[in-house]
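Trainee: this one's structure only:
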Ligand SMILES: *[C@@H]1O[C@H](CO)[C@@H](O)[C@H](O)[C@H]1NC(C)=O
Ligand SMILES: *[C@@H]1O[C@H](CO)[C@@H](O)[C@H](O)[C@H]1NC(C)=O
Ligand SMILES: *[C@@H]1O[C@H](CO)[C@@H](O)[C@H](O)[C@H]1NC(C)=O
Ligand SMILES: *[C@@H]1O[C@H](CO)[C@@H](O)[C@H](O)[C@H]1NC(C)=O
Ligand SMILES: *[C@@H]1O[C@H](CO)[C@@H](O)[C@H](O)[C@H]1NC(C)=O
Ligand SMILES: *[C@@H]1O[C@H](CO)[C@@H](O)[C@H](O)[C@H]1NC(C)=O
Ligand SMILES: *[C@@H]1O[C@H](CO)[C@@H](O)[C@H](O)[C@H]1NC(C)=O
């Protein structure tokens with residue numbers, strides 16, 4: 001028996017007397033490791049002293065022959081507490097992963113006692129202090145991942161002594177100093193990832209060129225300066241070179257063309273200058289090339305055209321000359337971004353003919369000529385962004401075949417002719433921005449086909465004819481600008497159906513009366529400059545002198561239509577001056593780079609990467625306050641990023657937006673969408689949330705996917721959302737009122753469990769008097785707003801309960817709260833009158849299985865109690881939770897197994913979670 005082994009036995013036996021059958025290793029894990037950690041989610045509940053060995057415990061694996069523990073993998077267990085080096089006393093331990101927990105101690109030098117480790121993964125924790133330089137004494141370590149912690153100090157120079165290390169990941173820490181040149185000695189290294197650390201400004205060590213096995217070199221956001229060393233040309237196995245977000249200068253070295261295996265080169269956001277090297281055609285495997293945001297000059301080399309590029313991004317440089325016609329030979333090209341350069345000439349007429357082109361953004365250049373007509377030959381085009389060029393000619397009719405076309409921005413060109421009639425068939429269209437061209441003719445017949453259109457901007461053209469009634473059927477439209485045209489006739493009353501955030505019909509030739517909804521002086525500026533529109537509203541008439549002259553550079557208006565109960569009862573209008581002169585993208589990027597992020601959780605990703613992913617083509621939704629992007633980060637994590645524009649921000653600030661975000665950022669609850677971090681600049685705010693793959697309940701229920709939601713799922717969703725709200729109301733100190741509870745704000749994860757999200761207007765109730773809080777403006781969404789809003793601007797938790805009741809009614813009926821079938825009624829009224837007149841079964845959605853009818857009726861009754869007209873009659877959320885749980889408790893739990901529904905005790909577990917574990921974290 002070796003001495004180590006002997007010591008181990010002596011050590012462990014002191015803990016052994018408590019257990020009878022459990023072996024030494026089990027005793028160690030149970031008595032030492034488990035007990036040193038807080039385990040709020042009971043992830044270690046299978047660790048017990050009744051077993052003989054720990055081999056079947058959660059996270060533990062044993063060698064099949066010796067039955068010794070060889071792997072401890074407690075990733076994502078939500079464990080809190082110190083790192084226990086006692087784990088190193090497991091003699092056969094080769095893999096140790098504690099990734100994504102709340103390990104908050106420093107890492108002691110003792111860790112080198114884990115002699116047999118091959119893999120050490122402590123990523124995504126809260127570990128502080130220096131990285132022990134003894135780590136390199138672990139002789140067989142192959143994978144070391146310490147990314148996403150609070151490590152500080154320098155990378156130990158001793159790391160050069162690693163002999164077998166293949167992967168070194170220190171991304172996203174607070175490491176300083178410079179990258180040690182000794183890293184060039186880790187000859188077997190395949191992956192070197194040091195991105196996102198606060199290194200002092202230094203050069204890329206030329207010694208890294210000695211790492212000839214390297215496949216991944218990820219040094220983004222490392223404060224690197226100087227030029228890219230020629231020695232990197234020796235990395236002939238390198239597949240991925242990422243040096244973005246640094247301060248690299250000089251030109252892109254010629255030697256780069258020797259990287260024969262390279263698949264991806266990311267050099268964006270540096271200060272690289274000069275022309276592109278010649279010989280790029282030698283990079284025959286290159287698929288993705290991004291050199292955006294540098295100071296590169298010269299022309300786009302013809303040589304790029306021979307490659308099988310998928311993605312080419314040259315945006316925000318000073319390239320000039322024309323786009324080589326032979327770019328059309330890249331038959332895999334799906335993404336071409338050239339915006340903000342000085343490129344002239346025309347786009348190749350065959351662009352898109354031979355490749356699955358999906359995204360084309362050449363805005364802010366000097367392009368002229370026609371819009372190519374083959375862009376959609378392969379049916380893939382989603383984004384066509386040609387703004388701020390000198391394109392002329394007409395909009396190609398052929399693009400009307402482009403079923404996937406999502407966003408079209410042709411602003412500020414010389415495009416003439418009409419909107420082709422074929423374009424009304426673009427059913428996926430989200431944005432149509434034709435502002436500032438020379439287009440004429442009528443709005444085509446059939447625009448009711450644009451069911452998903454959220455933004456329609458035809459301003460400053462020569463459009464004429466009447467505004468079609470069909471505009472009222474674009475139910476998701478929230479931005480409408482028809483100003484500066486020759487539209488005539490009356491404003492169709494159907495426009496009152498729209499839920500607009502922005503409306504501008506000024507400077508046309510409209511006449512007649514304003515529809516009653518808009519006959520309010522708050523809307524005046526939306527209609528100025530239409531001499532015939534005086535009608536019943538004389539105040540409109542006054543001179544508009546001057547504003548036309550400055551075109552679209554002045555006074556546009558925003559309207560927040562925010563209230564209504566059956567009938568719209570409240571309208572709040574905000575106007576702001578808006579300069580159409582867009583901020584230079586470079587300036588925005590600079591602001592972003594200089595402003596700090598606010599992080600609320602230990603981030604399992606790199607925030608810098610997020611900024612680069614905020615492409616228009618990643619937008620998954622847009623609403624009044626801004627756009628929501630789905631961002632897939634390089635390591636595969638997905639987050640949702642909400643970008644609030646300045647306008648929205650100003651309004652939100654009235655509610656103390658910043659304080660709220662901070663408070664909400666601290667919440668950790670299973671049924672509340674996690675806000676990872678937020679980011680605040682003058683121009684926009686970014687809120688980074690966990691991504692919920694099944695979208696919102698509203699989308700599922702009303703977007704044609706209601707069939708996915710059988711009754712057990714719906715019941716679970718109701719209960720989950722109730723738990724989330726109950727937490728906000730009763731367990732947060734001070735309480736939080738959501739104020740915009742609706743099915744679109746209840747988000748659904750991959751397992752159809754629900755979380756409450758979107759706290760855009762949430763209110764932390766600092767000193768809630770008995771009457772609630774007086775709001776400076778109405779918040780909420782028509783159909784969900786409690787009736788008391790009509791006569792008071794006071795909200796309290798009862799308003800949330802009402803809205804939640806509406807969500808229950810949605811779940812039961814499958815109907816939208818403002819279903820046009822209801823006429824002047826809303827869902828609440830429709831349900832109660834239909835029950836009175838025809839009976840309860842007439843409101844339950846047909847597709848729900850009849851065997852659940854009894855349960856559904858009970859839930860419906862809870863929904864009706866929540867939507868009681870008098871606030872006092874609505875049960876508090878705590879009680880709603882109990883009522884909902886009671887419905888399921890009436891049934892035998894077994895009935896739900898196999899239906900994706902958790903067993904009964906799950907709910908109880910969760911209820912106690914709320915009361916105890918989350919609130920201390922919150923305070
Ligand atoms: C680490 O976490 C534990 C458990 O949550 C806590 O009790 C302890 O105070 C924390 N220690 C530090 C240094 O933050
Ligand atoms: C340890 O991790 C490596 C790399 O992930 C893996 O190949 C190996 O199977 C793991 N060993 C055990 C015992 O789990
Ligand atoms: C560390 O663990 C996390 C979580 O399981 C995983 O995503 C990551 O890839 C691991 N790191 C390495 C280098 O294997
Ligand atoms: C880790 O760093 C973050 C970001 O600076 C900070 O907010 C947090 O308090 C730090 N955590 C610990 C445990 O030091
Ligand atoms: C490593 O690289 C440096 C500079 O690039 C060079 O001077 C040195 O000879 C190299 N060492 C080995 C062992 O190749
Ligand atoms: C580039 O390719 C050409 C032709 O295949 C070849 O002659 C040349 O040596 C290559 N250059 C480099 C630096 O590999
Ligand atoms: C474009 O490619 C063709 C071969 O497909 C070639 O003959 C032609 O010379 C190329 N044009 C330029 C300007 O290099």
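Mentor: Good, I have the coordinates. Fair warning: this is a prediction, and the values are worked out from it, not measured in the lab. Residues are numbered from 1 along each chain as shown. Ligands and ions are numbered 1, 2, ... in the order given.

Trainee: If we go by neighbour counts, what in stretch 294-301 is buried?
Mentor: 294, 296, 297, 300, 301 (16 or more other CB atoms under 10 Å). Just so you know, the C-beta spots here come from the backbone N, C-alpha and C atoms, and that holds for glycine as well.

Trainee: how about CSV for those residues, with secondary structure and pLDDT added?
Mentor: CSV is the format used below for these (DSSP: H, G, I helix; E, B strand; the rest coil; pLDDT from 0 to 100):
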residue, secondary structure, pLDDT
294, coil, 96
296, strand, 97
297, coil, 97
300, coil, 96
301, coil, 95
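
Trainee: List just the nearest of those to residue 508.
Mentor: Of all the buried residues of stretch 294-301, residue 508 sits closest to residue 300, with 41.9 Å by CB to CB.

Trainee: Touching, the closest one and residue 319? I think so.
Mentor: Yes - the criterion here is CB atoms under 8 Å, and residue 300 meets it with residue 319 at 5.8 Å.

Trainee: which residues are common contacts for those two?
Mentor: Taking CB atoms under 8 Å, 6 or more residues apart in numbering as the contact rule, the neighbours common to residue 300 and residue 319 are 338, 343.

Trainee: got the contact list for residue 869?
Mentor: residue 787.

Trainee: Could you check how far it is from ligand 2?
Mentor: The gap separating residue 869 from ligand 2 is 60 Å, by CB to the nearest ligand atom, to the nearest Å.

Trainee: who's in contact with residue 372?
Mentor: 347, 348, 349, 350, 351, 352, 396.

Trainee: Buried only: go through the residues you listed for me.
Mentor: Buried among the contacts of residue 372 by 16+ other CB under 10 Å: 347, 348, 350, 351, 352, 396.

Trainee: which residues sit in contact with the third one?
Mentor: If I follow you right, that is residue 350. 325, 328, 372, 374.

Trainee: and residue 488, how many neighbours?
Mentor: Residues lying near residue 488 (other CB atoms under 10 Å) number 16.

Trainee: Residue 212 now?
Mentor: Neighbour count of residue 212, defined by other CB under 10 Å: 13.

Trainee: hang on, isn't it packed against residue 235?
Mentor: Yes - shown here, residue 212 and residue 235 form a contact pair, counting by CB under 8 Å, at 6.6 Å.

Trainee: per the record, what domains does the chain have?
Mentor: 589-690, 697-892 (automatic domain parsing).

Trainee: quick revisit: could you find which two of the buried ones among the contacts of residue 372 are furthest from each other?
Mentor: 348 and 396 (14.2 Å).

Trainee: For the closest residue to residue 233 other than its chain neighbours, list the residues it contacts.
Mentor: For residue 233, ignoring the flanking residues on the chain, the nearest one in space by CB to CB, 6 or more residues apart in numbering is residue 255 at 3.4 Å. Going by CB under 8 Å, 6+ apart, residue 255 touches 230, 232, 233.

Trainee: Next: residue 813.
Mentor: 827, 831, 843, 844, 845.

Trainee: Could you rerun that using 10 Å?
Mentor: Contacts for residue 813 (CB atoms under 10 Å, 6 or more residues apart in numbering) come out as 701, 819, 827, 830-831, 834, 842-845, 848, 860, 863.

Trainee: and what of residue 458?
Mentor: 419, 432-437, 439, 443, 480-485, 487.

Trainee: Number of residues surrounding the closest residue to residue 30 other than its chain neighbours?
Mentor: Distances taken as CB to CB, 6+ apart put residue 47 closest to residue 30, at 5.4 Å, once the chain neighbours are dropped. Other residues near residue 47 come to 20 when the count uses other CB under 10 Å.

Trainee: show me where the stretch 451-600 of the chain has strands.
Mentor: With DSSP state E, counting those that start in this stretch, the ranges of strands along the stretch 451-600 of the chain come out as 455-457, 462-466, 479-481, 486-490, 502-504, 509-511, 556-560, 572-576, 597-599.

Trainee: before we move on, what about the stretch 651-800 of the chain?
Mentor: Going by DSSP E, counting those that start in this stretch, the stretch 651-800 of the chain shows strands at 675-680, 684-690, 736-737, 746-748, 754-756, 763-764, 773-774, 794-795.

Trainee: weakest of those strands in terms of mean pLDDT?
Mentor: Lowest mean pLDDT within those: strand 773-774, a mean of 38.

Trainee: about what we covered before: mind putting the contacts of residue 255 in a markdown table, secondary structure, distance to residue 266 and neighbour count included?
Mentor: Putting those into a markdown table (DSSP: H, G, I helix; E, B strand; the rest coil; distance: CB to CB, whole Å; neighbours: other CB atoms under 10 Å) gives the following:
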| residue | secondary structure | distance to residue 266 | neighbour count |
| --- | --- | --- | --- |
| 230 | helix | 19 | 14 |
| 232 | helix | 14 | 22 |
| 233 | helix | 17 | 18 |
